[in-house]
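Participant: following is a predicted model, sequence given first.
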Amino acid sequence: MQSEIRKQLIEAFTSQPNSYLSGQYLADLMGCSRTAVWKHIEELRKEGFELEAVRKKGYRIIGRPEKVTADEISLGLTTHFLGRNIFYQETVDSTQKIAQRLAYDGAAEGTIVVAEEQKSGRGRMDRSWYSPKYTGVWMSIILRPNIPVLKAPQLTLITAVAVVQAILDLTDLNPKIKWPNDILLNGKKVTGILTELQADSDRIHSVIIGIGINVNHLLSDFPEELHSIATSLSIEKGVRLERAKLIRLVLTHLEKLYLLYLEEGFYPIKLLWESYAISIGQRIRARTLTGTIYGTALGITDDGVLKIEEDNGNIQHIYSADIEIEK
């Protein structure tokens, strides 16, 4: 976790991005010595930040690292609580496992876990998620909503909308949501979302939302068996993208949507989700635990449940399934 002094330093540079900040100004702001300020400046340099130092003016950040460290994410973050506590490690087994432990130990709502690489990344139904180093966004977010346990799956749909909006902001690409938790570009998967609960039968203690976004992968970075089904933002856009900026955008949109949801319920989110959905009006195949259902996707209910109209006119409500669009 970041130290309080480091957080204050980053917030100072965030609030005045183009200004020189003197050592004395920063020392007074943070209630520490100029020597302590210098030490933290040097730590930022070690992380890969380029800081210009001008006599009688102070310090200014002129370059940023390729990594997604806590400092790099914090610089420019404007959220109120999402991402205000960041746990960063270079390599982890799974950000979900770390977030679960932090949540159990009482971590504040909005705490995020970020890594450069996951050795055992997971998706839905315990499938593996390919998470190579320095290429994507591998992140888990701790939320503590005061909602009924049965409504927790709606947070997956809220997160999907937030990720789509963030990708739109960063790239101008046209991402689409495939119910319930995949985001596609040109029919290939670019993002997966995994939502897990810590709850009693009548009360949610925490919701852990795992987000995996393929950002700067080349096609050669994927195993050959994924070439036909997976892509990255960089492959689709044709340029490398700033991963930390994408994280800030996801957190910004998610916080806004989450607060809207807590205040007004799921309906406003439902309208947004359906506007980005790829399957509505399409013939789909839904593989459930009890069998396969064929029909036309009509949309989602006010609770986020998928509605499928079968050929005989029956309406099926799908709570959990793998969805494929029939070609």
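Facilitator: Here it is on my side, so go on. Numbering: from 1, shown residues only.

Participant: domains for this structure, by residue range?
Facilitator: Domains of the chain are assigned by automatic domain parsing as 4-63, 70-276, 283-325.

Participant: so can I have TSV of those domains showing mean neighbour count and mean pLDDT?
Facilitator: Backbone N, C-alpha and C define where each C-beta goes, glycine included. Output for the domains of the chain, formatted as TSV (neighbours: other C-beta atoms under 10 Å; pLDDT from 0 to 100):
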stretch	mean neighbour count	mean pLDDT
domain 4-63	15	84
domain 70-276	19	92
domain 283-325	15	90
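
Participant: and the end-to-end length of stretch 28-39?
Facilitator: 15 Å (C-alpha to C-alpha, to the nearest Å).

Participant: identify the residues contacting it?
Facilitator: 5, 8-9, 12, 23-24, 26-27 (C-beta atoms under 8 Å, 6 or more residues apart in numbering).

Participant: which parts of the stretch 151-300 of the chain are strands?
Facilitator: Using DSSP state E, counting those that start in this stretch, the strands of the stretch 151-300 of the chain run over residues 176-178, 182-185, 188-200, 203-214, 283-288, 291-300.

Participant: just send the ones you listed back as TSV, with distance to residue 143 too.
Facilitator: TSV is the format used below for these (distance: least, C-beta to C-beta, whole Å):
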stretch	distance to residue 143
strand 176-178	19
strand 182-185	19
strand 188-200	9
strand 203-214	5
strand 283-288	27
strand 291-300	20
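
Participant: show me the one of those strands that comes nearest residue 142.
Facilitator: Nearest to residue 142 among the strands of the stretch 151-300 of the chain is strand 203-214 (5.6 Å), distances taken as C-beta to C-beta.

Participant: packing partners for the closest one?
Facilitator: Counting contacts by 3 or more C-beta pairs under 8 Å, 6 or more residues apart in numbering; DSSP states H and E, strand 203-214 packs against helix 95-104, strand 136-143, helix 154-171, strand 188-200, helix 243-264.

Participant: CSV for these, including distance to residue 307?
Facilitator: Shown next, in CSV, are these (distance: least, C-beta to C-beta, whole Å):
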stretch, distance to residue 307
helix 95-104, 30
strand 136-143, 26
helix 154-171, 14
strand 188-200, 21
helix 243-264, 20
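
Participant: of those, which approaches residue 178 most closely?
Facilitator: strand 188-200 (8.1 Å).

Participant: and that closest one, what does it pack onto?
Facilitator: Packing contacts for strand 188-200, counted by 3+ C-beta pairs under 8 Å, 6+ apart, involve helix 95-104, helix 154-171, strand 182-185, strand 203-214.
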